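> sharing a sequence plus its predicted fold:
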Amino acid sequence: MRGKILLLIVMLLPLPQVFAEDRRVRVEMPPMMREHMLANMRDHLLALEQITRHLANREYDSAAEIAETRLGMSSLEGHGAAHMAKVMPREMAAIGTAMHRAASRFAITARDAEIEGGLNAAFSALSDVMQQCVACHSGYRVH
């Protein structure tokens with residue numbers, strides 16, 4: 001009986017936001033470009049995981065190197081950013097550029113963390129990178 005009451009209570013709770021209507025802007029892309037973009041984003045996520053692991057191990061230069069080469073401004077050519085930006089809404093492309101710039105700023109901050117002896121600035125700069133990811137994923141969906 002107790003389990004049934006608990007189930008009833010759970011069923012009466014409001015549904016979480018994840019079940020709400022998806023109001024993000026739908027961005028139509030040719031299938032090859034969509035797959036390319038999704039692969040880039042998966043690599044971005046992997047890079048963020050590797051960066052946080054390097055920061056946890058106080059491997060600041062390694063974290064900075066990954067940030068710059070995989071997320072930063074120097075990664076744009078490898079990601080085909082100029083080609084991809086042509087099919088994105090201007091605002092979406094601006095968020096992407098802001099993410100790449102934030103990643104380059106993070107790389108500098110991470111290298112300085114070793115000299116300054118603290119992770120606060122590095123994690124704050126990494127948060128700036130991730131804020132752009134959240135902004136883009138919250139506002140757009142590719143198809």
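Here it is on my side, so go on.

> the nearest residue to residue 109 once chain neighbours are set aside: which element?
Distance criterion C-beta to C-beta, 6 or more residues apart in numbering; nearest residue to residue 109, sequence neighbours excluded, is residue 125 at 4.1 Å. The C-beta positions use only the backbone N, C-alpha and C, and glycine is treated the same way. Take DSSP states H and E as the rule and residue 125 turns out to sit in helix 120-139.

> after that helix, which helix or strand is next?
strand 140-142.

> run through the residues that contact the closest residue to residue 88 other than its chain neighbours.
Leaving aside its chain neighbours, residue 88 sits nearest to residue 27 (6.3 Å; criterion: C-beta to C-beta, 6+ apart). Neighbour list for residue 27: 87-89, 92, 140-143 [criterion: C-beta atoms under 8 Å, 6 or more residues apart in numbering].

> what about the protein, any weak spots by pLDDT?
Applying pLDDT under 70 to the chain flags residues 1-19, 117.

> contacting residues for residue 65?
Counted by C-beta under 8 Å, 6+ apart, residue 65 has contacts residue 107.
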